[in-house]
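Peer 1: after the sequence you'll find the predicted model.
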Amino acid sequence: MAEQQIKGYQTGTFVVGNRLLDPEQRSTQARTERSNTLTSGHRACQGCGEALGARYTLDAAMRATDGKLVAANATGCLEVFSTPYPESSWQLPWIHSLFGNAPAVAAGVAAALKAKGREDVRVVGQAGDGGTVDIGFACLSGMFERNDDVLFVCYDNEGYMNTGVQRSGATPPAARTANTKPVGPEPGNVFGQGKNVPLIALAHEIPYVATATVAEPRDLEEKVERAMELRGARYIHVFVPCPLGWGSASEDTIRLARLVKETGIFPVFEAEKGEVTSVSKIRRHVPVTEYLKLQRRFAHLFKPELNTGVIERLQAGADRNIERFDLLADDEGAEFPGEATDQAGPPESEPGRPVEPDADSDVSSLLRETHGKPR
Amino acid sequence: MLEQLEGSQAVARAVGMCRPEVIAAYPISPQTHIVEALSDMVRTSDIDPCEYMMVESEFAAMSACIGASAAGARAYTATASQGLLFMAEALYNASGLGLPIVMTLANRAIGAPINIWNDHSDSMSQRDSGWIQLFAETNQEAVDLHIQAFRLAEELSLPVMVCMDGFILTHAFEQVDLPSQDQVDDFLPSFKPRQMLDPAEPMTIGAMVGPEAFTEVKYLMHAKQLQALDAIPEIAADFTEGFGRESGGLVRSYRADDAETIVVALGSVLGTIEDVIDELREQGVKIGALAIKCFRPWPIDEVREALVDADRVIVIEKAFAVGAGGIVGQNVRLALSGCEPTVFDIVAGLGGRPITRKSLRSLFDEVFEGNIEPNRLHFLDLKKDVVEREIGRTENGRNPGPHAENILRDIGTVASDSH
């Protein structure tokens, strides 16, 4: 029972504590009737952003559809960790067909439901970034173009994590992956034009496009709810950190998902019929280094020496997003009010939190293992 | 009712009477007339309820059929040649998931070199994909096989490919007896899926299976195909009862009772072969034919029984395993393992080359005269001079350029050197 309007900063985090809210305002995740669509017991890594993203998304979609939901899943981490035979974490009708066809499978399910007069049952397609921006892209674009009645969700962890952390079309510049190692004159992934599927979805002028991160589940839930109010092709691109693939600490998943937005690297917005209708403003503008230094995949930008040139290019990309999407709040200057002293300096540890995972930590040993292993 | 119809139109009408609920297709010759006609029927509500999905590729067509079938809808598509290859990954998925999708394959060659005409290299390339493969000899049979295919697919929860020769059948106008809607409804019950994506009873379809159970799942696919060896003749017999004509089944013999020589083939070429057999029979030659109506599952016992008393078996097929030999021939040899007949492997009709009565006559004469080596691959009507010239060109050492263009130049299709 809230008696006064609660503002995010009052809680000291960016998420308003649910216990302060009127039950009606509580998030799906905070509700006792939460469907646990992706239920516990699955085999995702500790701190997996994709597992969180899928749970937030599907629980919200289940609530919005009163449990009348079918999911079509691409091959990938989400599929593998949720359905090791003979177990399944899925509490909804769920099909996995192939890596590159989830949008078409979902569209086929939607067509069947329409033919059967069961349009009360709704369809979600889901994939990681590989299954969305690369191998599944033709099927996704076709689904958009036909305006099939499917909500397609991309859980973007910026690489092929299931096969051992290789580069995808969504891997950011300079990031180290198993096939963009920090060797040679231009270490890490190349600087390219990028493949911005939210904007490509926008260009299809489908009914709804949104981006979100797992740092703001309420925002993600609201976007899913909005998407389920509409018919036709809808697309939500959820940013989901991957501790294993990124070399980040498991407890930093939410922090990274927040920082990617606060730096401007990942614009959070929504759009209807090709027009951007809202953007999530940056609350505390921080330099990209705040985000980069928490991830071993960018460690080569800081050691053995600071790669100012590459960091500046990454900052320029974030600045371009800020300008393009008008991401700064009115009271927020172009400078960094919450700026850390080490903006361009070598990464510093927060107390008790090493910049790089300890050499003997689970993450780094897992990374060594996955990178050395042929898949 | 008897009508003078193009094969594609006849098949489209038959498929429409089977009441598909989702059709997803992508255009490729020579399948286009079938799906064009079906899109008309959906638009005019002649098929209703039905969703026609104009997908962006054959891979999406099969994928959409997978989704639709898993959601409990009767799903259909049609393709040919490169399209079949483009959906190959999804073909295996559909059969692995046990989804009873029916597909028309308008048989066409596979490139390179690109070629739109008929042979069987497309269906043969997917013979191990877990799909049942039925071959139509005539447009009447193509119509009848589709009606049987839906029932077969749904009884066994397996996908079925109905193969009909591209252009030779799909674009040929001939008399076809189309059944009535009531006849089809009596023969083909509505689809009762054995698995279904249903919120009332959530189920996971397509889970990851490791070494502990993969063999068993694959064994069941094989076992179901073997069940089809029983189901196919039963369904064909039911069909005869309901429709008053024989169509389908596993194999069909022609004048083979006392035959010393039996010619084995699939599809429309049987008509020409039987004409030649009639000619030879008039001359007292003891020759007959065996039509393979169902290539997958392979009716090993029926083939053996049909061929075992012959002295020689001439397999004429429109595809081959490059670097190995005949495909149907290898299967025939498997059926005749330990038996007497000598098997001759003949590849014919590749990329649409006509298989003429004259060519077949001289082939059979050569076999009778002992000029054809058994158990080795022979190419009917091969232009040996052209091949030898091209091989010679390659041996000169200089970069001789692409084979296809060189050969076209040699035979005069391309007038002069482009360089």
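Peer 2: That came in fine, so what should we check first? Predicted model, so just to flag it, every value in this text is computed and none were measured.
Peer 1: quick check: phi and psi on B:Ala60?
Peer 2: The phi and psi values for B:Ala60, taken as degrees, to the nearest 10, are phi -70, psi -30.
Peer 1: now swap in the one 3 residues further on and tell me
Peer 2: Dihedral angles of B:Ser63 (phi, psi; degrees, to the nearest 10) stand at phi -70, psi -40.
Peer 1: for chain A, see how far away it is.
Peer 2: Note on B:Ser63: its distance to chain A, by Cβ to the nearest Cβ, to the nearest Å, is 4 Å. Heads up, the C-betas are built off the backbone N, CA and C, glycines and all.
Peer 1: list the contacts of that residue.
Peer 2: A:97-98, A:101, A:104-105, A:108, A:139, B:87, B:90 (Cβ atoms under 8 Å, 6 or more residues apart in numbering or on different chains).
Peer 1: from these, which is closest to B:Phe344?
Peer 2: B:Met87 (33.8 Å; Cβ to Cβ).
Peer 1: run a quick check on that closest one versus B:Cys65, I expect a contact.
Peer 2: No. Counting by Cβ atoms under 8 Å, B:Cys65 is not a contact partner of B:Met87; they are 9.2 Å apart.
Peer 1: which of the two has more neighbours?
Peer 2: Taking other Cβ atoms under 10 Å in any protein chain shown, B:Met87 and B:Cys65 do not tie; B:Cys65 has more neighbours (35 against 27).
Peer 1: by proximity to chain B, which residue of the stretch 151-300 of chain A wins?
Peer 2: For the stretch 151-300 of chain A, the residue closest to chain B is A:Asn162, as judged by Cβ to the nearest Cβ, at 10.9 Å.
Peer 1: for my notes, confirm that residue occurs in a helix.
Peer 2: No. Under DSSP: H, G, I helix; E, B strand; the rest coil, A:Asn162 sits outside any helix and is assigned coil.
Peer 1: what residues does the spatially closest residue to B:Cys18 that is not a sequence neighbour make contact with?
Peer 2: Distance criterion Cβ to Cβ, 6 or more residues apart in numbering or on different chains; nearest residue to B:Cys18, sequence neighbours excluded, is B:Phe150 at 4.8 Å. Taking Cβ under 8 Å, 6+ apart, we find B:Phe150 in contact with B:18, B:74, B:100, B:102, B:160, B:188.
Peer 1: gap between B:Phe150 and B:Ala70?
Peer 2: According to Cβ to Cβ, to the nearest Å, B:Phe150 and B:Ala70 sit 17 Å apart.
Peer 1: any idea how far the residue nearest to B:Cys18 is from chain A?
Peer 2: B:Phe150 is 15 Å from chain A, by Cβ to the nearest Cβ.
Peer 1: so that residue is in which element?
Peer 2: Assigned by DSSP states H and E, B:Phe150 belongs to helix B:139-156.
Peer 1: show me where pLDDT drops low in chain A?
Peer 2: Along chain A, segments meeting pLDDT under 70 span A:1-20, A:331-375.
Peer 1: can you give me the strands for it?
Peer 2: A:69-73, A:94-96, A:122-128, A:151-156, A:208-213, A:234-239, A:269-272, A:275-279 (DSSP state E).
Peer 1: for B:Met221, find the nearest of these.
Peer 2: Closest of the strands of chain A to B:Met221 is strand A:94-96, at 17.5 Å (criterion: Cβ to Cβ).
Peer 1: before we move on, the earlier item: if I pick the nearest residue to the residue of the stretch 151-300 of chain A closest to chain B once chain neighbours are set aside, what's in contact with it?
Peer 2: Spatial nearest neighbour of A:Asn162, chain neighbours left out: A:Cys77 (4.5 Å); criterion: Cβ to Cβ, 6+ apart. The contact partners of A:Cys77, by Cβ under 8 Å, 6+ apart, come to A:44, A:48, A:50, A:128, A:157, A:161-162.
Peer 1: got a pLDDT number for B:Glu234?
Peer 2: B:Glu234 is assigned 98 on the pLDDT scale.
Peer 1: what's around it, how many residues?
Peer 2: Using other Cβ under 10 Å, B:Glu234 has 12 other residues around it.
Peer 1: and for the one 3 residues further on?
Peer 2: Neighbour count of B:Ala237, defined by other Cβ under 10 Å: 13.
Peer 1: which SS class is the spatially most central residue of chain B?
Peer 2: Residue closest to the average C-alpha location in chain B (Cα atoms, centre = their mean): B:Cys163, at 3.2 Å. Put simply, B:Cys163 is strand when judged by three-state DSSP.
Peer 1: may I have the beta-bridge partners of it?
Peer 2: Per DSSP bridges, the residues bridged to B:Cys163 are B:Leu105, B:Phe135.
Peer 1: tell me the pLDDT of it.
Peer 2: Taking B:Cys163 on its own, its pLDDT is 98.
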